[in-house]
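[1] Give me a 3D structure for the following:
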Amino acid sequence: MEKDKGTYILIVEISKPIKVKVGSLGLVDFKKGIYAYIGSAMNSLNKRIKRHAKKQKKIHWHLDYLTSLPEVEVKKAYVFFNKRIEEKLSTDFAKKYKGVKKFGASDMKKVSSNFYVVDDEVEKFIVSLGGVSFEKIFSSHG
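    I've put the predicted structure just below:
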């Protein structure tokens with residue numbers, strides 16, 4: 001079974017309130033806290049997750065505007081191997097958490113966000129949905 005594709009959820013920490021210009025969304029306010037970002041990679045899943053954690057990168061996705069900043073760190077990743085369930089997971093998250101409107105969800109019909117303000121229970125929630133901790137080591141530096 002191929003293990004380098006699927007859907008992922010990143011746990012992202014923002015260490016202080018920040019305002020960030022996020023592509024066509026314009027200036028967005030982010031409060032200090034823990035967030036979850038939902039994405040998918042149908043090839044090179046490992047590389048995608050490592051890329052998101054890097055500070056130095058070409059800005060491509062909405063998340064890149066945040067993760068390239070010193071106040072933002074990718075803390076952990078969960079994966080759903082061989083499944084393209086980004087919209088389903090985003091729908092599940094929208095029932096429980098507040099999303100950052102239009103963040104990363106330009107190709108979805110049912111939800112308007114891929115980025116959610118979460119709480120300390122988020123990791124249990126992800127596991128309850130079938131996510132497994134991404135065990136490969138990745139660094140947020142470099």
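
[2] Check the offset of the host helix or strand of residue 13 from the chain's centre.
    For residue 13, the host element (DSSP states H and E) is strand 6-14. Relative to the centre of its chain, strand 6-14 is centred 3 Å away, using Cα atoms, centre = their mean, to the nearest Å.

[3] Over to stretch 59-70?
    With Cα atoms, centre = their mean, you get 11 Å for stretch 59-70.

[4] Point out where the protein drops to low pLDDT.
    Residue ranges of the chain with pLDDT under 70: 1-2, 135-142.

[5] which stretches of it form helices?
    For the chain, applying DSSP state H gives helices covering 45-53, 62-67, 86-96, 122-128.

[6] ok, residue 45 touching residue 5?
    Yes. Using Cβ atoms under 8 Å, residue 45 makes contact with residue 5 at a distance of 5.3 Å. Where you see a C-beta, it was placed from the backbone N, CA and C, and this is true even at glycine.

[7] what touches both of those two?
    residue 81 (Cβ atoms under 8 Å, 6 or more residues apart in numbering).

[8] out of those two, which sits in the more crowded spot?
    residue 45 (25 against 18; other Cβ atoms under 10 Å).

[9] Contact partners for the more buried one?
    Under the criterion of Cβ under 8 Å, 6+ apart, the neighbours of residue 45 are 3-6, 8, 79, 81.

[10] Now do the residue nearest the centre of the chain against residue 11, distance only.
    Centroid-nearest residue in the chain: residue 37, 2.0 Å away (criterion: Cα atoms, centre = their mean). As for residue 37, its distance to residue 11 is 8 Å (criterion: Cβ to Cβ, to the nearest Å).

[11] now swap in residue 104 and tell me
    Remark: distance between residue 104 and residue 11 (Cβ to Cβ) = 15 Å.

[12] Give me the more crowded residue out of the two.
    Comparing residue 104 with residue 11 by other Cβ under 10 Å, the one with more neighbours is residue 104, at 23 against 18.

[13] can you pull the contacts of the nearest residue to that one once chain neighbours are set aside?
    For residue 104, ignoring the flanking residues on the chain, the nearest one in space by Cβ to Cβ, 6 or more residues apart in numbering is residue 114 at 3.5 Å. By Cβ under 8 Å, 6+ apart, the contact set of residue 114 is 37-39, 62, 86, 90, 99, 103-105, 108.
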